[in-house]
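>>> I need the structure of the sequence given here:
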Amino acid sequence: MKTIKLSMAQALLRFLDNQYVSVDGEEIKFVKGVMGIFGHGNVTGIGEALERSPGSLEFMQGKNEQGMAHAAAAFAKQSGRKQIYACTSSIGPGALNMVTAAGTATVNRIPLLLLPGDNFACRQPDPVLQQLEVPSDYTVSAVDAFRPVSRYWDRITRPEQLITAALQAMRVLTDPAETGAVTLALPQDVQAETYDYPAAFFEKRVHVLDRRPPAREAIRRAVELLAGKRKPLLIAGGGVHYSDATAELAAFATAFGLPVAETQAGKSVLPWDHPLNMGGVGVTGTLAANKLAKEADIIIGVGTRYSDFTTASKSAFGNPDAHFININVSAFDSAKLSGIAVTADAKEALRALRDALVEANYASGYGEGELAGLKAEWNREVDRLYASEHEAGLAQTRALGVINEALRPSDVIVAAAGSLPGDLHRLWRPAEPGTYHMEYGFSCMGYEVSGALGAALAEPNRDVYAVVGDGSYLMLHSELVTSLQEGVKITVLLFDNSGFQCIHNLQRGHGSDGFGNEFRYRERATGRLTGNYMPMDFAAHARSLGASAYTVRTSEELREAIEQARKEPVSTLIEIKVLPGTNTDGYESWWRVDVPAVSESPKVTAAHNAMAERIGQAREL
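Here you go, the predicted structure:
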């Protein structure tokens with residue numbers, strides 16, 4: 001058997017450089033490169049391998065481990081999960097910085113390969129700098145924190161263990177049902193140890209992503225259930241995008257007159273002006289979609305995991321006779337809400353179910369003009385919010401309207417947390433698939449700027465915009481520097497409303513007077529954070545990093561700044577001063593946030609009683 005002597009780190013890179021995926025006959029190199037921040041624990045292991053023998057893998061220097069891992073996850077998401085960057089870090093805090101990103105990727109079913117450094121396997125320099133010591137179990141290290149947020153976790157304590165670990169890692173990363181964060185803990189001494197690896201380990205491997213067809217009996221059961229239903233609602237999730245099934249979904253909906261509602265991950269599966277697109281559903285949904293959900297007697301979920309925002313904490317579906325058909329490549333998700341499980345690839349399942357329903361002469365029972373009327377009513381509401389003017393300053397909905405009108409149909413927006421996802425889910429009007437990049441599985445503050453970098457790396461021919469609040473920007477903006485370093489332009493649209501206003505609104509809506517959520521100075525007299533708003537110059541901060549920047553306070557200034565930003569050769573930040581509290585609110589929707597039954601405030605106890613009543617009305621299954 002032919003062998004090649006390499007360090008474990010060198011072998012890992014050579015292996016990753018020869019991994020490919022095949023989707024519908026198209027072959028794609030799976031691992032584009034490695035993002036990393038070096039420290040003790042990886043600089044002389046993977047660092048040496050990346051310097052001397054990277055093959056065709058690109059190296060990109062991160063500025064914050066969480067940020068670079070978010071960028072890698074966003075790259076994979078925008079690539080349709082067909083290509084990834086791996087991420088390497090030192091041990092201890094460098095590694096732990098990636099845990100949040102690991103959770104974000106796993107919750108969203110996004111492939112993310114993490115290669116954190118780890119303690120010495122030999123245990124001779126003990127305890128090494130940054131080592132976490134657990135007296136009761138010396139096999140535990142800081143990197144064990146990745147276990148609950150990883151879909152696959154392994155520790156390579158001998159160089160030959162890499163062979164099986166790497167193959168298992170690829171199995172999970174390329175599995176559409178099982179994918180998420182994969183963590184390979186790499187002890188720093190083992191990274192440098194050598195082994196005579198079989199040459200066959202480094203041969204080109206093509207992982208064929210076979211489309212899972214639906215079981216014939218599952219389709220039969222779905223058709224049988226649909227036969228007596230006349231008020232169907234189709235909910236499109238992110239799985240429609242990952243399956244490249246947008247055309248099939250449009251054909252399916254059109255064939256039977258099915259209204260389509262979108263989750264955050266599913267938004268843009270249909271153009272906003274498609275006659276059957278009713279917009280977002282659930283807590284952040286549109287009035288049209290939520291009215292349909294309340295009356296629907298059958299819900300067909302395609303590629304959705306039915307988060308509580310999608311189901312409005314299981315209160316969205318008010319028809320007691322409502323049933324579910326769940327099309328999902330993951331059996332875990334297709335079994336939810338006691339639905340009929342069609343565990344299959346979305347494209348294959350939609351084709352099969354369409355053929356079966358045509359044969360059964362199925363048609364929905366919506367009256368003439370019923371869906372068009374709901375859609376027109378909602379379009380008027382969006383127009384009103386987009387045009388909303390306030391004497392005191394710029395409303396958030398007005399700013400979004402200006403941005404939506406100014407951006408081109410192919411431009412990509414990236415968002416994640418705060419009040420903006422709600423407004424975007426309800427109001428944003430995407431014209432093309434893949435232009436709405438929302439991380440809302442984890443709603444991770446700080447994803448936005450990093451995510452924009454990842455999306456721009458995946459689609460260099462599109463303009464990418466991070467839509468971010470001031471709170472999220474303060475949490476994590478470091479990869480703006482990486483975008484400048486790499487010459488990968490992004491535009492950051494920063495909404496400055498002086499605080500964590502989304503949670504401020506939630507808090508006040510449940511009996512609070514508002515506490516600890518605005519960026520105000522502490523008053524000496526009261527000792528509380530109730531003083532004046534803190535004036536922050538985010539544009540000056542961006543300029544100090546090397547970006548171009550603008551500050552706007554009116555819709556006219558915003559429109560002009562977007563046009564100027566498009567001409568800028570480098571990443572640009574537009575600081576948008578908006579009025580707090582000018583975001584949208586629920587449209588016949590509800591979200592469960594439990595409130596104390598006992599409080600010094602009667603407003604809190606009243607909110608508790610109202611919440612308890614709504615909890616009693618929600619579905620239990």
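
>>> all contacts plus neighbour counts: C-alpha atoms, from now on.
OK.

>>> element containing Asn379?
Here Asn379 sits within helix 370-386, counting by DSSP states H and E.

>>> take that helix, keep the C-alpha atoms, and write them as PDB.
What follows is helix 370-386 as a C-alpha-only set of coordinates in PDB (Å, rounded to 0.1, in the frame of the first residue of the first chain):
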ATOM      1  CA  GLU A 370     -60.600  35.900  -2.300                       C
ATOM      2  CA  LEU A 371     -56.800  35.600  -2.400                       C
ATOM      3  CA  ALA A 372     -56.300  38.600  -4.600                       C
ATOM      4  CA  GLY A 373     -58.300  40.700  -2.200                       C
ATOM      5  CA  LEU A 374     -56.200  39.700   0.800                       C
ATOM      6  CA  LYS A 375     -53.000  40.400  -1.100                       C
ATOM      7  CA  ALA A 376     -54.200  43.800  -2.300                       C
ATOM      8  CA  GLU A 377     -55.200  44.700   1.200                       C
ATOM      9  CA  TRP A 378     -51.700  43.900   2.500                       C
ATOM     10  CA  ASN A 379     -50.000  45.600  -0.400                       C
ATOM     11  CA  ARG A 380     -51.800  48.800   0.600                       C
ATOM     12  CA  GLU A 381     -50.700  48.400   4.200                       C
ATOM     13  CA  VAL A 382     -47.000  48.000   3.000                       C
ATOM     14  CA  ASP A 383     -47.400  51.100   0.800                       C
ATOM     15  CA  ARG A 384     -48.700  53.000   3.800                       C
ATOM     16  CA  LEU A 385     -45.900  52.000   6.100                       C
ATOM     17  CA  TYR A 386     -43.200  52.600   3.400                       C
END
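
>>> by how many degrees do the next helix or strand after that helix and helix 370-386 diverge?
Proceeding N to C from helix 370-386, the next assigned helix or strand is helix 396-406, under DSSP H and E. With axes from the mean of the first three to the mean of the last three Cα atoms, to 10 degrees applied, the angle from helix 396-406 to helix 370-386 works out at 110 degrees.

>>> what lines up beside the helix or strand following helix 396-406 in the sheet?
If you walk from helix 396-406 toward the C-terminus, the next helix or strand you reach (DSSP H and E) is strand 412-415. Using DSSP bridges, the neighbouring strands of strand 412-415 in the sheet come out as strand 436-438 (parallel), strand 464-469 (parallel).

>>> what does the domain assignment say about the chain?
Structural domains annotated on the chain: 3-208, 216-374, 387-498+534-577, as defined by automatic domain parsing.

>>> and the ones you listed: which comes nearest Ala606?
In this view, the domains of the chain are compared for proximity to Ala606 by Cα to Cα, and domain 216-374 is the closest at 20.1 Å.

>>> now the end-to-end length of the closest one.
Distance across domain 216-374, first residue to last, is 35 Å (Cα to Cα, to the nearest Å).

>>> then stretch 324-344?
Rule used - Cα to Cα; the end-to-end distance of stretch 324-344 is 16 Å.

>>> okay, Trp590: pLDDT?
The predicted local distance difference test score for Trp590 is 85.

>>> and it, its phi and psi?
The phi and psi values for Trp590, taken as degrees, to the nearest 10, are phi -150, psi 150.

>>> picking that back up, let me have the domains of the chain in CSV, extended by mean neighbour count.
Below are these laid out as CSV (neighbours: other Cα atoms under 10 Å):
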stretch, mean neighbour count
domain 3-208, 21
domain 216-374, 21
domain 387-498+534-577, 21
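
>>> got a markdown table for those domains, with distance to Thr584 and mean pLDDT too?
Output for the domains of the chain, formatted as a markdown table (distance: least, Cα to Cα, whole Å; pLDDT from 0 to 100):
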| stretch | distance to Thr584 | mean pLDDT |
| --- | --- | --- |
| domain 3-208 | 25 | 97 |
| domain 216-374 | 9 | 97 |
| domain 387-498+534-577 | 6 | 97 |
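
>>> could the strands paired with strand 412-415 go into TSV alongside distance to Ala387?
Rendered in TSV, the data for those read as follows (distance: least, Cα to Cα, whole Å):
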stretch	distance to Ala387
strand 436-438	22
strand 464-469	19
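
>>> excluding its backbone neighbours, what's nearest His425?
Distance criterion Cα to Cα, 6 or more residues apart in numbering; nearest residue to His425, sequence neighbours excluded, is Gly280 at 5.6 Å.

>>> list the contacts for the one you found?
Contacts of Gly280 were listed using Cα atoms under 8 Å, 6 or more residues apart in numbering, and they are 261-264, 267, 286, 289, 425-426.

>>> again, only this time at 6 Å
Gly280 makes contacts with 261-263, 286, 425-426, as judged by Cα atoms under 6 Å, 6 or more residues apart in numbering.

>>> just these now: which is nearest Ala387?
Compare each of those with Ala387 using Cα to Cα and the shortest gap goes to Arg426, at 15.0 Å.

>>> give me the contact list for the host helix or strand of the closest one.
Applying DSSP H and E as the criterion places Arg426 in helix 420-427. The list of residues contacting helix 420-427 from outside it, by Cα under 6 Å, 6+ apart, reads 280, 284-286, 382, 584.

>>> so who does the closest residue to Leu50 other than its chain neighbours touch?
Spatial nearest neighbour of Leu50, chain neighbours left out: Phe59 (7.2 Å); criterion: Cα to Cα, 6+ apart. Shown here is Phe59, whose contacts under the criterion Cα under 6 Å, 6+ apart are 33-35.
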